[in-house]
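# Sequence first, then the predicted structure:
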Amino acid sequence: MAVSNAVAALLNEYQRFAETEMKNLFAQDPARAEKYTLSLEGLTFDYSKNRFDEGVLQALFNLAREHHLAERIEDMFSGKKINVTENRAVLHTALRNFSGQPVLVDGEDVMPEIIRVRNKMKEFSAAVRNGLFRGATGKKLTQIVNIGIGGSDLGPYMVTAALKKYWAEDISCHFISNIDGTACAEVLSRINPEETLFIVASKTFTTIETLTNARTCREWLINALGEKAVANHFVALSTNAKAVVEFGIDANNMFEFWDFVGGRYSLWSAIGLSIAIAVGYDNFEALLKGAEAADRHFRTAPLEKNIPVLMALLGIWYNDFYNIHRYAVIPYDQYLKFLPSYLQQLDMESNGKSVRLDNRKITDYATGPALFGGAGTDVQHSFFQLLHQGTEPVPVDFIIPAVSHNECGKHHQILLANVLAQAEALMKGKTPDEAAAELRAAGKDEATVEKLKLNKSFDGNRPSNMFLFDKMTPFALGMLIALYEHKVFTQGVIWEIDSFDQWGVELGKQLALKILPELEGQANGEHDGSTGA
Ligand code: F6P
């Protein structure tokens, strides 16, 4: 960020605050946790274990004001073309709009079309689930295969896994994304063509991975059941009707969405069809309504009480003032194990940018951080060593439901104890003196104490957010995902980048298309020595 008034104030705040330890802030203010915890429809969001005091927080809010965040939020919700490099509105929020209010793009209300496709999804998912829409040989379609990649895969993949408890008993979902033939082969070896519904999901319907996988699956189906079976076993989700028909899928079997829905923001659209079939349309709608609740909150809550705004500003505080360019998302919920991969696309494809909206190259500040994560407690036994004792802190988002879908002895109590312990350990740490005292109390001699006390100490002062959900229902999941979407949007506003394009994926695609005929011996290409070899 250019050194504006708000940035200059934050640089001063950083100097003033740098040495402050969170554990002392908690000791000084017994009300800190309560003060910095917000509630939203079954979610408790505790951001008190972050490196800030009131001065820092106010300076961060000023940064948001300086970037006219409130106006930018309205621009998005009201259909302005904020995806400037592609000249598109950004309206995934309209997909979960149940307010009855119109949403205009170029003066036209997009809601009637959205509602029409929602109804088509409702009807079709019910017909598949109750066996009204059957396979070519009359069998019920119980094996759902989503063929897509990126946003046309990760959303449905993550959400269907997260809502496994809500699946119809006789339905199973499979996902083919990678061009590696293994992805196709592994799924095809597990399914029966007579009972399989292939959903070809591609916004553009030009993505080489998806079209290649879809062709292979089509051939497999035709070999088993003949060409005519395609109409009963293939549907498409896309914005590109022409390409869908050219591929050989009937226009009636296409569920459309529109170019104001970005790929990584598309699970709320027709791209969510596999979700609606697996968990039923009512649960899919509950997911949308959870996201709508997050939308209402983001649009109306003041900055000081706005969860995505706080998530974003604290992220910027670490990214641009502490120079920590990474963060971790750790769901303590086995069903959410794919959430970090989903969020990687959401965050890193949106904000991994280095050109500003005013067309200037960014050289003097950092934009999107790298995100990684995995399910707790598994990852406690892999990368948590680095979180606790690595040379740089990694801010963490912990996510946990208070009540498990699978009450099983003391498992959930132990899980809860662990998430709380990790957040506390990161924040409090353990001084070398405390480590030494523990070693002495365990009867170690002084040489051993000296040798181990640093290794057994923890710097602490490592930040985390805690997202505690009453239960991980479809509504709660929708809300959680939308909160992250709005966090990413807010950061993009402050970094002054276009969070909704993805030009960075193009060069690799271009070169692969050039290299392919060369590998097949049909062309010669000029390459650097390494690639050529
Ligand atoms: O490679 C990037 C990307 O364009 C993503 O943004 C998108 O989600 C994915 O490819 C798949 O695109 P499509 O849905 O058009 O096949």
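Ah, there it is.

# now stretch 356-374: how far from the chain's centre is it?
Centroid separation for stretch 356-374 versus its chain: 17 Å, with C-alpha atoms, centre = their mean, to the nearest Å.

# Can you list the buried residues in that stretch?
356, 365, 367, 368, 369, 371, 372, 373, 374 (16 or more other C-beta atoms under 10 Å). (Glycine included, C-beta is placed from N, CA and C.)

# So which of the residues you listed belong to helices?
If you go by DSSP state H, the buried residues of stretch 356-374 have nothing in helices.

# Surely residue 426 is in contact with residue 388?
Yes. At 6.7 Å, residue 426 and residue 388 qualify as touching, with contact defined as C-beta atoms under 8 Å.

# who touches both of these two?
Common neighbours of residue 426 and residue 388, counting by C-beta atoms under 8 Å, 6 or more residues apart in numbering, are residue 462.

# Comparing those two, which shows the higher neighbour count?
residue 426 (25 against 19; other C-beta atoms under 10 Å).

# Which residue, neighbours along the chain excluded, lies closest to the more buried one?
residue 462 (3.9 Å; C-beta to C-beta, 6 or more residues apart in numbering).

# Could you check the pLDDT of the one you found?
According to the prediction, residue 462 has pLDDT 98.

# check contacts around it.
So residue 462 contacts 387, 388, 393, 394, 395, 396, 426, 427, 429 (C-beta under 8 Å, 6+ apart).

# Looks to me like the third one is in a helix.
So the one you mean is residue 393. No. Per DSSP: H, G, I helix; E, B strand; the rest coil, residue 393 lies outside any helix segment and is coil.

# ok, it - how many residues close by?
By other C-beta under 10 Å, 21 other residues sit near residue 393.

# Assess the claim that it and residue 458 are in contact.
No. If you go by C-beta under 8 Å, residue 393 and residue 458 don't touch, sitting 11.2 Å apart.

# all strands of the stretch 251-400 of the chain, in order?
Using DSSP state E, counting those that start in this stretch, the strands found in the stretch 251-400 of the chain span residues 254-256, 326-331, 370-373, 396-401.

# same check, this time on the chain
Per DSSP state E, the chain carries strands over the ranges 37-40, 43-46, 104-105, 108-109, 143-147, 172-176, 196-201, 234-238, 254-256, 326-331, 370-373, 396-401, 464-469.

# and of the ones you listed, who's closest to the ligand?
With C-beta to the nearest ligand atom as the measure, strand 196-201 is the member of these nearest the ligand (6.6 Å).

# Residues of the chain that sit close to the ligand?
149-152, 202-204, 207, 210, 263-264, 349, 502, 505 (C-beta under 6 Å from any ligand atom).

# With respect to residue 517, which of these is nearest?
residue 207 (18.8 Å; C-beta to C-beta).

# Quick check: pLDDT value at the closest one.
96.

# Check what pLDDT the closest residue to it other than its chain neighbours gets.
Excluding its sequence neighbours, the residue lying closest to residue 207 (C-beta to C-beta, 6+ apart) is residue 149, at 6.0 Å. You'll see residue 149 listed with a pLDDT of 98.

# Based on its surroundings, how many neighbours for residue 149?
Residue 149 has 21 nearby residues by other C-beta under 10 Å.

# Now for it: which residues touch it?
177, 178, 202, 207, 209, 210.

# check contacts around residue 328.
340, 371, 372, 373, 383, 387, 394, 395, 396, 397.
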